[in-house]
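**Student:** build me a model:
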Amino acid sequence: NDPELVRMAVPKLEKLCQFFARYEDHRGLLNPNAKGLPALKVFCGWSFMLKENGVPASFNYEYVISLAAAAELARIVGRQDLTERWSAKSKAVLESARHAFWDASRKVFLDGERDGKRVDAVSATVNAWAALAGAVDRTEAGAWAERLRTDPTIMQPVCPYDATLLLDAFLSLGLDLHARELLDHYFGSIVRNGEPTLPEYWSAGVSGMRYWNDTSRCHAFGAGPAYQFPSHILGVKPIVPGWKRVRIEPHSLGLNNARGRVPSPHGDIAVEWERDDLSWRLDVDLPSGIAAEVTLPRIGWGNQRLVLDGREVQRIHGWEKFRAQACREKVDGFPHNVRCVLDRPGRHTVVTYARSSHGRR
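**Tutor:** Sure thing, here's the model as predicted:
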């Protein structure tokens, strides 16, 4: 919520982007070993993926994300020229990276190129970066995630940092079942082994835990669940800088209830929810200065109601109206969510529940 900080940063971002642009090849991809320039080293922690002596896929997907973020900062301070330039370059690099590194036969992204040829190595970390950059086609997301889950030739996360990237990627694509398995298999194995903190290195399900000489036993960079729980399970995310508008869209990830507080510049946003087969109840304590857009999931395929603070605000019809029948007109856009807006501070109760065609819950 400090535009002056952004104004100070944008000129430095402009110089930084000019620096990296020197390493682009004819496709717009970054080559850390560009001729005539000092070699760049890609830091990726314990990841055993391609980091140097070639064109690393991870480096380029991070470039895509960074350009998009720079474009957003430029937009905030009114630099339309930089916004358009960086946004266009981000999209162009993304397209080039997908063309260069996507293996259509295996439905995964390769780790990069060496000596002008694509390498055979595939790591979950590179694929996580690809997903976070927007390279995974949503129509192929399920096949992509299943390949990562089941292919024994793919390098799995070897540290909580890698697992955090993969968790972020699954959740960004709405792959909650894969996120649940990762939480249980990888992060759960740390809990089941009695570790009180997140180690720097952890190989789940293979050889337990190894500590190398310089390995930290309390490592911040793998704390993905710690920030994904409030933003995904409680579902609280800012829509605009400064948190004047937020979205509250909880996801169960197999839980029946959850509660917590999410800090904002205007004060804590307290959220508590509980669900069963026929209803989802959400209680929100909203501080002054914030408006919240609440989205709750569809419950089954029947009729459904949304009640805000005791007042019905939305009613949607069920499958009976929208199902395909030859004698009916085609209906596009079957609603999968119910929504309302909280525009005043204080405690609010939002309840959505399935309603039969006869009015019974």
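
**Student:** any weak-confidence spans in the stretch 101-250 of the chain?
**Tutor:** 205-214 (pLDDT under 70).

**Student:** the spatially closest residue to Asn33 that is not a sequence neighbour: neighbouring residues, count only.
**Tutor:** In this structure, Asn33 finds its nearest non-sequential neighbour in Ala39, 5.3 Å apart by CB to CB, 6 or more residues apart in numbering. From N, CA and C alone the C-beta is placed, and that goes for glycine too. Residues near Ala39, counting by other CB atoms under 10 Å, number 11.

**Student:** ranges for the helices of the stretch 151-300 of the chain?
**Tutor:** 160-172, 176-182, 188-192, 224-228 (DSSP state H, counting those that start in this stretch).

**Student:** need those in JSON lines (columns: distance to Glu4).
**Tutor:** JSON lines is the format used below for these (distance: least, CB to CB, whole Å):
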{"stretch": "helix 160-172", "distance to Glu4": "30"}
{"stretch": "helix 176-182", "distance to Glu4": "37"}
{"stretch": "helix 188-192", "distance to Glu4": "41"}
{"stretch": "helix 224-228", "distance to Glu4": "26"}
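
**Student:** any chance of those helices in JSON lines, plus mean neighbour count and distance to Pro199?
**Tutor:** Formatted as JSON lines, the helices of the stretch 151-300 of the chain follow (neighbours: other CB atoms under 10 Å; distance: least, CB to CB, whole Å):
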{"stretch": "helix 160-172", "mean neighbour count": "24", "distance to Pro199": "7"}
{"stretch": "helix 176-182", "mean neighbour count": "19", "distance to Pro199": "17"}
{"stretch": "helix 188-192", "mean neighbour count": "14", "distance to Pro199": "7"}
{"stretch": "helix 224-228", "mean neighbour count": "16", "distance to Pro199": "14"}
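
**Student:** burial of the residue nearest to Glu140 when sequence neighbours are not counted, as a residue count?
**Tutor:** Excluding the flanking residues, the one nearest Glu140 by CB to CB, 6+ apart is Lys107, at 6.2 Å. Using other CB under 10 Å, Lys107 is surrounded by 20 other residues.

**Student:** okay, which residue is most central for the protein?
**Tutor:** With distances taken as CA atoms, centre = their mean, Ser172 lies nearest the centre of the chain, 3.0 Å away.

**Student:** that older thread, wait, the residue nearest to Asn33 touches Asn31, no?
**Tutor:** No - using CB atoms under 8 Å, Ala39 is not in contact with Asn31, being 9.8 Å away.

**Student:** where do the strands of the stretch 201-350 of the chain begin and end?
**Tutor:** 236-238, 245-248, 257-262, 269-275, 279-286, 291-297, 303-308, 311-316, 337-342, 346-355 (DSSP state E, counting those that start in this stretch).

**Student:** mind putting those into TSV with mean neighbour count and distance to Ile190?
**Tutor:** What follows is the strands of the stretch 201-350 of the chain, written out as TSV (neighbours: other CB under 10 Å; distance: least, CB to CB, whole Å):
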stretch	mean neighbour count	distance to Ile190
strand 236-238	18	26
strand 245-248	20	29
strand 257-262	15	21
strand 269-275	20	26
strand 279-286	19	30
strand 291-297	18	30
strand 303-308	20	39
strand 311-316	13	42
strand 337-342	18	34
strand 346-355	18	35
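
**Student:** OK, contacts around Ser90?
**Tutor:** 64-65, 67-68, 71 (CB atoms under 8 Å, 6 or more residues apart in numbering).

**Student:** list the buried residues in the strand or helix carrying it.
**Tutor:** Of the helices and strands defined by DSSP states H and E, Ser90 is found in helix 80-101. Applying a neighbour-count criterion of 16 or more other CB atoms under 10 Å, the buried positions in helix 80-101 are 82-83, 85-87, 89-90, 92-94, 96-98, 100-101.

**Student:** after it, next one along is what?
**Tutor:** Following helix 80-101 in sequence, per DSSP H and E, is strand 102-103.

**Student:** name the next helix or strand downstream of that following strand, please.
**Tutor:** In N-to-C order, the element after strand 102-103 by DSSP H and E is strand 108-109.

**Student:** off-centre distance for that next one?
**Tutor:** 18 Å (CA atoms, centre = their mean, to the nearest Å).

**Student:** ok, that strand: who's next to it in the sheet?
**Tutor:** Strand 108-109 pairs in its sheet with strand 102-103 (antiparallel), by DSSP bridges.

**Student:** distance from the strand it pairs with to the middle of the chain?
**Tutor:** For strand 102-103, the distance to the chain centre is 21 Å (CA atoms, centre = their mean).

**Student:** ok, residues contacting it?
**Tutor:** By CB under 8 Å, 6+ apart, the list of residues contacting strand 102-103 reads 109-110, 118, 122, 135.
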